[in-house]
Structure formats: structure tokens, C-alpha cells
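# got a sequence here, can you build the structure:
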Amino acid sequence: MKKHVITAIALLTFGAGTLLSSAANASPMEDQKSFQEFFKKRFKDTEFSDYKNGIYSIHPESRKQWEEIEDFPPYEIAVERGEELWNTAFTNGKTYADCFGEDVTAVRAKYPHYDAENDTIATLEDDINKCRTANGEKPFGWKKGAIADLSSYIAYEGRDAPVNVKLPESEKEIAWYEKGKTFFYAKRGQLNMACADCHVYYSGRMARSETLSPALGHPTHFPVYRSKWGNMGTLHRRYAGCNENIRAKGFKAQSDEYKALEYFQTFMSNGLAFNGPGARK
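Residues are numbered from 1 along each chain as shown. This is a model prediction of the structure:
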């Protein structure tokens, strides 16, 4: 058994290293094309548009259970709480609409994007807390609770909007993109594994009792209600959990590392549609 595990990890290591090496000098558009083509060939029976549904796009048995759950989705209460937050005025009389605009259906599709003024990647959750502090309110915690509720409502109202992250063009934009790309393919932790090992090269295969989801479409359905958590969580909460699983050094939610990773992954998912919030195991 130990020999088989070592062999599997060795194959994954070779695969990740090969792709990263071949894509080292590729442009973002070339990366995106090869990334999406990989999954189209790997899961030939899956419609491209269905990758917004994560693991349920490639696993028919799990999909049946998920579709039944969607009749009474566990994120419904979070969406209701988020709507109340959106419509509740701050102590200064302003609301989130003063930060994001009156049309809540247009908000989700704006993120993530490069913020040239601050040379950073703007994410929905980061801008939620910036809105709060700008209006004299305390910031929410990053991973769950009120921030997940509000982003659930915003995501729900923005469903079916196209994922269309702007092509990185300036030197600084490309630097952020490359940072996220490197994080996605780089080995880390005691298990010496990368995001790409599980969710590209090993996607569709089993890890213990679970089938590994395809990386294409990962950011589209967040925040999610995970049965394992028993509540809602943000994308950066999930990133932290993945890092823990491979016994790697953790990063804080909304760190540069996770912002860059979100930026890269969402750009890879251009052409899909936002489908959050979601429900997962």
C-alpha cells in the first residue's frame, strides 16, 4: 500500500512539474486556452457551461443527491440574512449600495479584479470590509459568519452573470497573475503537493472516500455551505483548509497569496457563469 501511495505522489509530482515547465513562458490567454482544453478532453461528457457546478459536473451519483438538496438549499437562510444586511443602514445612514451601487445583481461579476490605485487584487469580501470601515463600522471576520451571509446574498442576486476577468496586460497586473499561477502549480507542505495535483492531474479520482473536483469553475459557486463545516464559508476559508490538508504553511484570508490565487483561478474560469452560493459535502 505504501509503495502505491509513493508511486502516485511521484506521478503527480512529475505531471505538475511538466505542465508548469511547459507553461512557464505562456501568455495568460495561452494558459487559459490550454487549461480549459485540458478539462474538455479529460471529461468529454461534461458540457463546458456545467463546470460552474463543481464536482457535480463530472460525478452523476453525487449530482442526484445535490439536486435533491437544492430543493431546500442549506444556504437559503444565509441569503436571507445577507439581504437584511444589504438593506440595513450603517450608523451614518449609508448602506452597502453606496459602496457597490444600487444594482446588487451587477456586483458579483465585478470580482476579482486588479485595483491599480492600490496595486492589489480587489475581492468581494475585501471590498465588503472596506465599505464597512469607510462608514465607521467594524470589519467582519473573513472566513464565515456575516461576511459569508452578505456575499451569499450578493452571489445569489448575481447568478448567471458571466465570469469575465479582464485580461492582465500591464506589468503589475501580470505580476499578480503570475503570483497566483505559481501558487497554483507550486509544491508545498509535508505532502509536497500543489493545487494542480489534486484538481487538475488527479481530478475525477478518489482521495479517501471523496472524488476530487476539477479546478475549472472552482471560484464560481462560492461562498458555499459545506456539510463538513455545518455553515457557510468563503473561498479563502476553503483555500486555508486545502493548505491544512497537505500540511502546508497557512496564509491568512485575504492575504496576497490567496488573492492572487483567486485572481488566477477565476481568470481560468472565464466563459462560465457565476453560480453561488453553493452546497458541498
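# quick check, central residue of the chain?
Pro219 (2.7 Å; C-alpha atoms, centre = their mean).
# give me the nearest residue to it, chain neighbours excluded.
The shortest distance from Pro219 to any non-neighbouring residue, by C-beta to C-beta, 6 or more residues apart in numbering, is to Thr266 (4.6 Å). The way it works is simple: take the backbone N, C-alpha and C, and place the C-beta from them, glycine included.
# how close does the residue nearest to the centre of the chain get to Asp98?
Using C-beta to C-beta, to the nearest Å, one gets 26 Å for the distance from Pro219 to Asp98.
# got the buried residues for stretch 134-144?
Asn135, Phe140, Trp142, Lys143, Lys144 (16 or more other C-beta atoms under 10 Å).
# so the fourth one, which of the three states?
So that's Lys143. coil (DSSP: H, G, I helix; E, B strand; the rest coil).
# list the contacts of the nearest residue to it once chain neighbours are set aside.
Excluding the flanking residues, the one nearest Lys143 by C-beta to C-beta, 6+ apart is Arg237, at 3.8 Å. Contacts for Arg237 (C-beta atoms under 8 Å, 6 or more residues apart in numbering) come out as Trp142, Lys143, Lys144, Ala148, Ala253.
# same question, Ile154
Ile154 neighbours (C-beta under 8 Å, 6+ apart): Gly82, Trp86, Phe100, Val104, Val107, Arg108, Leu124.
# and it, which of the three is it?
Assignment for Ile154 (three-state DSSP): helix.
# where does the chain have low pLDDT?
1-24 (pLDDT under 70).
# tell me where it has strands.
113-115, 120-122, 206-207, 210-211, 224-226, 231-233, 278-280 (DSSP state E).
# would you mind finding the most buried of those?
strand 231-233 (a mean of 23; mean count of other C-beta atoms under 10 Å).
# that one pairs with which strands?
strand 224-226 (antiparallel) (DSSP bridges).
# quick one: residues in contact with the partner strand.
By C-beta under 8 Å, 6+ apart, strand 224-226 touches 73-75, 78, 231-233, 238, 276-281.
# now those in a markdown table, with distance to Glu171?
What follows is the contacts of strand 224-226, written out as a markdown table (distance: C-beta to C-beta, whole Å):
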| residue | distance to Glu171 |
| --- | --- |
| Pro73 | 43 |
| Pro74 | 44 |
| Tyr75 | 39 |
| Ala78 | 39 |
| Asn231 | 41 |
| Met232 | 37 |
| Gly233 | 34 |
| Arg238 | 30 |
| Gly276 | 32 |
| Pro277 | 35 |
| Gly278 | 35 |
| Ala279 | 40 |
| Arg280 | 37 |
| Lys281 | 41 |
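# tell me the one of those residues nearest Ala215?
Of all the contacts of strand 224-226, Arg238 has the smallest distance to Ala215: 12.4 Å, by C-beta to C-beta.
# now do the same contact list for that closest one.
Neighbours of Arg238 in contact, by C-beta under 8 Å, 6+ apart: Phe222, Val224.
# 692 is where my numbering starts, stick with that
Okay, using 692 as the starting number, the last item reads as Arg929.
# okay, the strands of the chain in a markdown table with distance to His750 next?
Below are the strands of the chain laid out as a markdown table (distance: least, C-beta to C-beta, whole Å):
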| stretch | distance to His750 |
| --- | --- |
| strand 804-806 | 32 |
| strand 811-813 | 31 |
| strand 897-898 | 11 |
| strand 901-902 | 5 |
| strand 915-917 | 16 |
| strand 922-924 | 21 |
| strand 969-971 | 12 |
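# can you give me the neighbour number for the residue lying closest to Lys829 once chain neighbours are set aside?
What sits nearest to Lys829 in space, not counting adjacent residues and going by C-beta to C-beta, 6+ apart, is Arg823, at 6.9 Å. Taking other C-beta atoms under 10 Å as the criterion, the count of residues near Arg823 is 19.
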